[in-house]
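Undergrad: sequence plus predicted model, see below.
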Amino acid sequence: MSGNEDDRARAGSAGAPDATEGCAAVGPRPARRAGAPGRSIDGAARDRIGRGLRLHYAGVLALPIPDRLRMLLDDLAACSDTEASQ
């Protein structure tokens, strides 16, 4: 992947919401820009890819969040709360 906006949109839209517990449903796929390269894939293929990725990464999601990352997330949330109250 080239890492452009279209690739990130495709990566975020892959998957079937019923393959694993706790997965949020993904909204409609964004429209492709005119002249954008690449081929679209059908919904069944997208579902298979998403299911496979969720199964592949299920073990990682079950791991506890490291303390350092949890502290950074708490700091970020605190900053967001103070900015929202201003």
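TA: Yes, it's here.
Undergrad: can I get the CA coordinates of the helix or strand containing A58 in CSV?
TA: According to DSSP states H and E, A58 maps onto helix 43-62. What follows is helix 43-62, C-alpha atoms only, in CSV (Å, rounded to 0.1, in the frame of the first residue of the first chain):
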residue,chain,number,x,y,z
GLY,A,43,-18.4,-7.1,0.0
ALA,A,44,-17.8,-10.9,0.6
ALA,A,45,-14.1,-10.5,0.0
ARG,A,46,-14.0,-7.4,2.3
ASP,A,47,-15.8,-9.4,4.9
ARG,A,48,-13.4,-12.4,4.6
ILE,A,49,-10.4,-10.0,4.9
GLY,A,50,-11.8,-8.2,7.9
ARG,A,51,-12.7,-11.5,9.7
GLY,A,52,-9.2,-12.9,9.0
LEU,A,53,-7.5,-9.7,10.3
ARG,A,54,-9.7,-9.7,13.5
LEU,A,55,-8.8,-13.4,14.1
HIS,A,56,-5.1,-12.7,13.4
TYR,A,57,-5.0,-9.8,15.9
ALA,A,58,-7.4,-11.2,18.5
GLY,A,59,-4.4,-12.3,20.7
VAL,A,60,-2.9,-8.9,20.7
LEU,A,61,-6.2,-7.3,21.7
ALA,A,62,-6.5,-9.7,24.6
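Undergrad: go through that helix and flag the buried ones.
TA: Within helix 43-62, the residues that qualify as buried are 46-51, 54, counting by 16 or more other C-beta atoms under 10 Å. (C-beta placed from N, C-alpha, C; glycine too.)
Undergrad: between these, which sits nearest R70?
TA: R54 (23.1 Å; C-beta to C-beta).
Undergrad: now the strands for this structure?
TA: Counting by DSSP state E, the chain forms no strands at all.
Undergrad: which residues of it score low on pLDDT?
TA: 1-36 (pLDDT under 70).
Undergrad: helices of that one, start to end?
TA: For the chain, the helices defined by DSSP state H cover 5-13, 43-62, 67-85.
Undergrad: among those, which is nearest P37?
TA: Across the helices of the chain, the minimum distance to P37, taken as C-beta to C-beta, is reached by helix 5-13, at 8.3 Å.
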